[in-house]
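Peer 1: model this:
(chains A and B)
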Amino acid sequence: MSRDTTGRQVHLAAHFPGVNNTTVWSDPAAGSHIDPDSFVRFAQTAERGKLDFLFLAEGLRLREHAGRTYDLDVVGRPDTFTILAALAGVTTHLGLTGTISSTFNEPYEVARQFATLDHLSEGRAAWNVVTSWDAFTGENFRRGGFLAADQRYDRARSFLETALELFDSWRGDEVLADKDTGRFLRAPGPGAFARHDAHFDVSGHTTVPRSPQGRPVVFQAGDSEEGRAFAAEHADAIFTRYATLEEGRPFYADVKARLAAFGRRRDDLLVLPAATFALGDTDAEAEEVAREVRRAQVSGATAIVFLEQVWNRDLSGYDPDGPLPDVDPVVGEQVMSQGRASVRQYRDPLATARAWRERAEAEGLSIRELMIEQTARQTFVGSPTTVADTIQHLVEAEASDGFILVPHLTPGGLDPFVDRVVPILQERGVHRTEYEGTTLRDNLGLRPVPAGGSSTTTAGASA
Amino acid sequence: MPADPLVPTKPLHLAVALDGAGWHPAAWREPAARPTELSSARYWTDLALEAEAGLLDLVTLEDAFRLQSTDRTDVVVGRLDAVLVAARLSLVTQHVGLVPSATATHTEPFHLSKAVATLDHASRGRAGVRVQVSLRPDEAAHLGRRPELTALVPGSTPDPALVEDVFDEARDWTEVVRRLWDSWEDDAEIRDTATGRFVDAAKLHAVDVDSPHFSVRGPSTTPRPPQGQPLVAALSHVPVAHRFVARSADLGFLTPHDADDARRLVTAVRAERQTQPAWPDGAGDQPLRLLGDVAVVLDERPGAAAERLARLDEAAGAPLAGTSDALVFAGTPAELADLALAWQEAGLDGLRLRPAVLPDDLHATTRGLVLELQRRGAFRTEYSERTLRERLGLARPANRYALTEAAR
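Peer 2: Have a look, this model is predicted:
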């Protein structure tokens, strides 16, 4: 890769290792995923690398497999808002992105939590809005989990629009705090709002004064048609899984093309795929590291569980080092696996099974080998230079605006990337050496949100 | 008054209740007040560090799902989410307990349980939660989920049956929160590389609470916190709330107006405690700490505090004593020390002070009252306990689910 490129800036962020098999807990270097020290270490490493933000996923019910708590992966996590607010105290520039469900919360509470986080971090809060309608998770909440499929995005949209109205309900000039005259407020009753629609019937006053960013940066995850439309209208960034040139470019082009219809510019929405990585001194050494990590990520037992998610039946009698089952998947309601987003990827289990069998036979793969190939291949494998080249190329080619890095180790997994790849990208002038601004919005290159208005509507077009 | 330097038979506990610019409506106009910083982390950090410098047991953080006023321009209006403020303080303080307020009526017990558990993890065992209920139509309209509460007439006295229902719900809410804290046994995480199992699934427990207002399955998504059970606190003025404290709390805040009143209230709440079921179905057999709430204006110079209170009252246009649920005390640290020891004699475990003005009356507490009490041998001279429960002399409760297992 030559250095005389157009120098499109690469946005990099760090996903705290999650509760799935990407995270390798069996490694002697693996630490606690609950202890605050792990989060402090991880966040400060990200900040040392001048990354844009820390990203936390969320799950609101422990996953189950075959009727019991799934025990092969990391289990348990801290509360998202609480840990992000704590980290605001030990970081200065790093964005703090929390995945918060629009299903199992109310807009008033979520809006005041994010506005509070934005104050407490001086403008570094971001919200990854997710929608989940499984009755399984709903069993932990007042509302429960049921909503007809055609209403889900409708409610999610209404939830976000209500929250945006709440964020905008304070303009920012309400507080005078004039000690001499005794006037604290310019006028009584700030923060007035009202929303009455099919999903919410709420009105009154918000309690949190306008926060430094006006509202959190909004992320959308999910690539359905509704999700893309939702993102084009409302989101500042999309969290996707299309991290390759082949998948990334069409996705990127598609969502960017949708923005104009909402009066938005192409750079009002960032496309940020998740990316795993394995580094070595040489490409060959990195391949070796990557192979070892994949074997740790997909044990024989894990491989059988993956297969059971598609087959939807007990396959515990099969040898993970042997061939794929000759029985067919059970089509219908998922009975083996509960609480996993990945299950929904297999919309046609018979076709998936057929394709996997064909591949296993053609390449001579055992169950475990196949599952490693299907689920665990890292996005970036190579020497630091190779990985930097790849990242730079993908961003230049408009396959993405950058990446949300998903290390496989807690809490040290980000260190090699920050120590070895980031300096190369900095030297090439495509990754910052100092933060541009103080807010996350500044550092993502997003325009400020005008007081009392929305950057995603007509107000933004004239800015 | 026991002003002699006696060695106290039991330790005195001091909490400070942080709210806005202080508890006096005119507090924000004082020279040292920082009314433009009430939404900043720096402000709350400074206050918490001051409380910690004064070796106080804990700080509580007020909160509510409503503005302090919708019709006045001369009082502080606007506030942050208290749980997040406490979280923001967790890594920048080392000793002081962190007890944010939460409203049971309008929140998901699952969310609050893991939030307070996480606050406990982050603070290494210094977390609690002050549980409150809401019977206000404006708060209900903000959340939009309780039409029977939204329909209440503002300022009217609600139907006693509705009040009972809201407190019953808070009892069930707290039960869910507590069970979720226990839903992971302490040794559930095994990281057994030989079998590939990260947890022992047999040590994770469903909580299965069915209340008229919610049902929660569990287990929690957050492992058991360091204290096992973070502190549950509540403020109580009336019998229905006394029952909630007696049934569900580790720490109660009462509002006596003198020592006799304190004795009467403590007797009533402790008697109610004894009628409650034993752990783990209730807290009936568990130790209960009771603090007396006092709004304080403190000054070393005799008469100066009363003058300052009069000036504040005049600025506010009405005396604080006319609206405060708690006693309003204006005097010297030595006089407040007398009161603290007299109320302790009456059965309270200490005081929760509501500084009339921040930071002035917090400073007068941490630098005046604390020194005075230390001089009398009545207050700690260093933090020696690791967790908030230990500081309050409350044992780490056994896990209810592990207990059940052991009984088999």
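Peer 1: low-confidence stretches in the chain?
Peer 2: Using chain A here. Residues of chain A that meet the criterion pLDDT under 70 lie in A:1-6, A:341-344, A:452-463.
Peer 1: correction: the question concerned chain B.
Peer 2: Residues of chain B that meet the criterion pLDDT under 70 lie in B:1-9, B:404-408.
Peer 1: which residues of it fall in helices?
Peer 2: Under the criterion DSSP state H, helices of chain B are mapped to B:41-53, B:82-90, B:109-122, B:137-143, B:147-150, B:160-182, B:239-248, B:259-274, B:304-316, B:333-345, B:360-363, B:370-375, B:388-391, B:400-407.
Peer 1: now these in a markdown table, with mean neighbour count and distance to chain A?
Peer 2: Where you see a C-beta, it was placed from the backbone N, CA and C, and this is true even at glycine. Below are these laid out as a markdown table (neighbours: other CB atoms under 10 Å in any protein chain shown; distance: least, CB to the nearest CB, whole Å):
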| stretch | mean neighbour count | distance to chain A |
| --- | --- | --- |
| helix B:41-53 | 19 | 5 |
| helix B:82-90 | 29 | 4 |
| helix B:109-122 | 29 | 4 |
| helix B:137-143 | 22 | 5 |
| helix B:147-150 | 16 | 9 |
| helix B:160-182 | 20 | 9 |
| helix B:239-248 | 21 | 19 |
| helix B:259-274 | 17 | 28 |
| helix B:304-316 | 17 | 7 |
| helix B:333-345 | 21 | 26 |
| helix B:360-363 | 23 | 14 |
| helix B:370-375 | 18 | 25 |
| helix B:388-391 | 23 | 16 |
| helix B:400-407 | 14 | 13 |
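Peer 1: looking at those, which is nearest to A:E122?
Peer 2: With respect to A:E122, and counting by CB to CB, the nearest of the helices of chain B is helix B:41-53 at 7.4 Å.
Peer 1: report the distance from the closest one to the chain centre.
Peer 2: With CA atoms, centre = their mean, to the nearest Å as the basis, the distance from the averaged C-alpha position of helix B:41-53 to the chain average is 17 Å.
Peer 1: in stretch A:276-285, what counts as buried?
Peer 2: For stretch A:276-285, the neighbour count (16 or more other CB atoms under 10 Å in any protein chain shown) marks A:T276, A:F277, A:A278, A:L279, A:G280 as buried.
Peer 1: now narrow those to whatever sits close to chain B.
Peer 2: Near chain B, taking CB under 8 Å from any CB of the partner chain as the test, no member of those is found.
Peer 1: what's the closest of those residues to B:R273?
Peer 2: Within the set of the buried residues of stretch A:276-285, A:T276 lies nearest B:R273; the separation is 54.5 Å, counting by CB to CB.
Peer 1: just to check, that closest one is in contact with A:L409?
Peer 2: No - in this structure, A:T276 sits apart from A:L409 without contact. The criterion is CB atoms under 8 Å, and the distance is 11.3 Å.
Peer 1: I figured B:D313 hits B:P319, correct?
Peer 2: Yes - shown here, B:D313 and B:P319 form a contact pair, counting by CB under 8 Å, at 4.4 Å.
Peer 1: so what's A:E161 up against?
Peer 2: Under the criterion of CB atoms under 8 Å, 6 or more residues apart in numbering or on different chains, the contact partners of A:E161 comprise A:R195, A:H234.
Peer 1: what helix or strand is it on?
Peer 2: Assigned by DSSP states H and E, A:E161 belongs to helix A:149-167.
Peer 1: A:H393 now?
Peer 2: A:H393 is located in helix A:384-396, with elements delineated by DSSP H and E.
Peer 1: what separates that helix from the chain centre, distance-wise?
Peer 2: Helix A:384-396 has its C-alpha centroid displaced from the chain centroid by 21 Å (CA atoms, centre = their mean).
Peer 1: so which elements touch that helix?
Peer 2: helix A:245-257, strand A:277-279, strand A:380-382, strand A:402-405, helix A:422-427 (3 or more CB pairs under 8 Å, 6 or more residues apart in numbering or on different chains; DSSP states H and E).
Peer 1: which one of the ones you listed is the most hemmed in?
Peer 2: Relative to the other members of the helices and strands packed on helix A:384-396, strand A:402-405 carries the highest mean neighbour count by mean count of other CB atoms under 10 Å in any protein chain shown, namely a mean of 25.
Peer 1: list the helices and strands that one packs on?
Peer 2: Judged by 3+ CB pairs under 8 Å, 6+ apart, strand A:402-405 is in contact with strand A:11-15, strand A:270-275, helix A:384-396.
Peer 1: just the ones you listed: most buried one?
Peer 2: Greatest average neighbour count among those goes to strand A:11-15 (a mean of 25), per mean count of other CB under 10 Å.
Peer 1: quick check: domain ranges of chain A?
Peer 2: Chain A is divided into the following domains under automatic domain parsing: A:11-147+A:157-167+A:213-281+A:378-461, A:299-375.
Peer 1: tell me which of the ones you listed lies nearest to A:L176.
Peer 2: When these are ranked by distance to A:L176, counting by CB to CB, first place goes to domain A:11-147+A:157-167+A:213-281+A:378-461 at 16.1 Å.
Peer 1: what number of residues lie near B:A194?
Peer 2: Neighbour count of B:A194, defined by other CB atoms under 10 Å in any protein chain shown: 6.
Peer 1: need the domains of chain A in TSV (columns: distance to B:G393).
Peer 2: As requested, the domains of chain A are arranged in TSV below (distance: least, CB to CB, whole Å):
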stretch	distance to B:G393
domain A:11-147+A:157-167+A:213-281+A:378-461	26
domain A:299-375	40
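Peer 1: please identify the most buried of these.
Peer 2: Counting by mean count of other CB under 10 Å, domain A:11-147+A:157-167+A:213-281+A:378-461 has the highest mean neighbour count of the domains of chain A, with a mean of 21.
Peer 1: give me phi/psi at the spatially most central residue of chain A?
Peer 2: Note on chain A: the residue nearest the mean C-alpha position is A:F239, at 5.2 Å, using CA atoms, centre = their mean. Taking degrees, to the nearest 10, you get phi -100, psi 110 for the backbone angles of A:F239.
Peer 1: surely it meets A:N128?
Peer 2: Yes - with contacts counted by CB under 8 Å, A:F239 reaches A:N128, the gap being 6.1 Å.
Peer 1: joint contacts of the two?
Peer 2: A:F55, A:F219, A:Q220, A:A221.
Peer 1: a markdown table for those residues, including distance to chain B?
Peer 2: Conversion of the shared contacts of A:F239 and A:N128 to a markdown table gives the following (distance: CB to the nearest CB, whole Å):
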| residue | distance to chain B |
| --- | --- |
| A:F55 | 17 |
| A:F219 | 19 |
| A:Q220 | 22 |
| A:A221 | 19 |
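Peer 1: and the two most separated of these?
Peer 2: A:F55 and A:Q220 (13.2 Å).
Peer 1: overlap in contacts, those two.
Peer 2: By CB under 8 Å, 6+ apart, A:F55 and A:Q220 have these common neighbours: A:N128, A:F239.
Peer 1: in chain B, which strand has the most residues?
Peer 2: Longest strand in chain B, counting residues (DSSP state E): strand B:289-298.
Peer 1: strand partners (parallel or antiparallel) of that one?
Peer 2: According to DSSP bridges, strand B:289-298 forms sheet pairs with strand B:251-254 (parallel), strand B:327-331 (parallel), strand B:350-355 (parallel).
Peer 1: A:R420 contacts A:P384, correct?
Peer 2: Yes - under the criterion of CB under 8 Å, A:R420 is in contact with A:P384, at a separation of 4.0 Å.
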